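Asks: need a 3D model of the sequence below.
(2 chains)
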Amino acid sequence: MSAILFKIEQRVARSSGKSGARAGTLTTPHGVIRTPAFVPVGTKANVKGILPSALVELGAEVVLANTYHLYLQPGEKIVQDAGGLGKFMNWSGPTMTDSGGFQVFSLGAAFGKTITKFTRLNLVKNEPVVTPSIYDEEVASQHGQLAIIDDEGVSFTSHLDGSLHRFTPERSVEIQHALGADMFFAFDECTSPTEPYEYQKEAMERTHRWAERSLKTHRQNMDANKKQAIFGIVQGGRHEDLRKESAREIASLCFDGIGIGGSFSKEDMRGALQAAVSELPEELPKHFLGIGEPGDILEGIAGGMDLFDCVAATRIGRHGSIYTKRGIIHLRGEKHKNDFSPLDSEISIAGTEGFTRAYVSHLVRSGEMLGSVICSMHNVGFILQLVKGARQGILDGRFDEYRADFVSNYYHGKL
RNA sequence: GCGGUCGUAGCUUAGCUGGCCAAAAGCGUCUCCCUGUCACGGAGAAGAACGUGGGUUCAAAUCCCAUCGACCGCG
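Replies: Residues are numbered from 1 along each chain as shown, chains lettered A, B, ... in the order given. Predicted coordinates:
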């Protein structure tokens, strides 16, 4: 008996295979999420710059926080004493937590380097590129990486104060039980795309063992088991055979839902996704971890993904860039100083109506926090509407058209 | 009128006991980057008759003279 209930309402017919777009509902103890859905990221129990009430207005139905960050600050006990993540942050809707597995990557192999969730691919050599940089060398030589992996778990050096900490699958689940989100992820190892095949395989197998241990720990806690759902994470890097193997293995463990993890190059994403989905049961909700940019989300939806989370909306917003139907624009640029047109004349976003590019450009350029707030709200609202539109498209049987229209305007339209 | 201080990138300045300065930094500008947040962050670029003219010297942003401008003090 799962703490959540996933129902598929409508599928986009596909001649080949079962991995097409679908629309559904995901019922959690704190409410219903209409899928596909975008999950705003609230790492430290807050979506940066956006009040929960505003998130509701923007159309968010669920938020995602992070185990590693909340464990370090303020500590999971505080969140638990507050009555759980939702109560703590004054968000009454559904919640999720990520396991800290991504930090294995971002504080480990990726720390101080130019590789992140997405990596450029050298198309000639067909391998990921790591661009050396001064930043890279200085940071790496001074601090080294902050996470060291072994088969049992991961030892972290806190990025806040340098203190030493250790996560195991058991500990991650225990913390996530305390945080009390409706859905949470098994502890995994997100590998760098620069690692060779052999390491990808080794890490994937380790992630599988960790998945089993995460699930076992969860099942042992009867109370949490009733209230919270656990998602297993598929890894396997950029290799389709590993992706398939990982999907089969994770599917066999009877999780409540599935996360597709990993760091990709743009070119590898579709193949890795399709390979995984082809081996996964259709009826489980699937979360495409850390995705993404508008086009990538639509790609994921087309590939059968139901949930998406991504920091890009709030991060680029905080730095003064906004999504528009015609692509991203950087409001920091001087050319927007006297542009009194709306942020995006083709879309209306709750709470940001009436603000002009000139005004927000002024705020951003003068370092006013309201500039970051407005851009973050705009971007989160933009992505939520994009996904909502895709959902409606699926229900109306015109998803492909919707996607093609959006992509042609966003990526080929002039600004 | 006399005495003094100062004039170096859009801005603020460093250099000014002559050579490593065909000039450096911060801010600003421009371009690019950001995909389970180490991130209100990162990378790169453009941008200077060193006020002007003359002199000393192998060599001047740097020393000398003149001149223009700004400011301060005294008349």
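
Asks: pull out the buried positions in stretch A:262-270.
Replies: A:262-265, A:268-269 (16 or more other Cβ atoms under 10 Å). (Each C-beta comes from the backbone N, C-alpha and C, glycine too.)

Asks: what about RNA strand B: which of those residues touch it?
Replies: A:262-263 (Cβ under 7 Å from any atom of the strand).

Asks: roughly how far does residue A:250 sit from residue A:305?
Replies: 15 Å (Cβ to Cβ, to the nearest Å).

Asks: now swap in residue A:316 and tell me
Replies: Taking Cβ to Cβ, one finds residue A:316 at 22 Å from residue A:305.

Asks: okay, the two: which has more neighbours?
Replies: Neighbours around residue A:316 and residue A:305, counted as other Cβ atoms under 10 Å, are more numerous at residue A:305. The numbers are 27 against 18.

Asks: please name the bridge partners of the nearest residue to that one once chain neighbours are set aside.
Replies: Spatial nearest neighbour of residue A:305, chain neighbours left out: residue A:288 (4.2 Å); criterion: Cβ to Cβ, 6 or more residues apart in numbering. Applying DSSP bridges to residue A:288 gives these bridge partners: residue A:260, residue A:308.

Asks: any idea how far RNA strand B is from residue A:288?
Replies: 9 Å (Cβ to the nearest atom of the strand, to the nearest Å).

Asks: now do the contacts for that residue.
Replies: Residues counted as contacts of residue A:288 (Cβ atoms under 8 Å, 6 or more residues apart in numbering) are A:259-260, A:273, A:297, A:300, A:305, A:307-308.

Asks: one more time with 6 Å
Replies: Applying Cβ atoms under 6 Å, 6 or more residues apart in numbering to residue A:288 gives the contacts A:260, A:300, A:305, A:308.

Asks: how many residues are close by the first one?
Replies: Burial of residue A:260 is recorded as 28 neighbouring residues (other Cβ under 10 Å).

Asks: that one and residue A:234 touch, don't they?
Replies: Yes: assessed by Cβ atoms under 6 Å, residue A:260 is found in contact with residue A:234 at 5.2 Å.

Asks: joint contacts of these two?
Replies: Counting by Cβ under 6 Å, 6+ apart, the contacts common to residue A:260 and residue A:234 are residue A:276.

Asks: what are the phi and psi values at residue A:126?
Replies: Dihedral angles of residue A:126 (phi, psi; degrees, to the nearest 10) stand at phi 50, psi 50.

Asks: from RNA strand B, how far out is residue A:26?
Replies: Going from residue A:26 to RNA strand B by Cβ to the nearest atom of the strand gives 17 Å.

Asks: for residue A:14, same thing?
Replies: 23 Å.

Asks: which one of the buried residues of stretch A:262-270 is nearest RNA strand B?
Replies: Nearest to RNA strand B among those is residue A:262, at 5.6 Å by Cβ to the nearest atom of the strand.

Asks: assumed the closest one was part of a strand.
Replies: No: with DSSP: H, G, I helix; E, B strand; the rest coil as the criterion, residue A:262 is located in coil rather than a strand.

Asks: now the helix or strand residue A:296 falls within: buried residues?
Replies: For residue A:296, the host element (DSSP states H and E) is helix A:294-302. Residues A:294, A:296-302 are the ones in helix A:294-302 that count as buried (16+ other Cβ under 10 Å).
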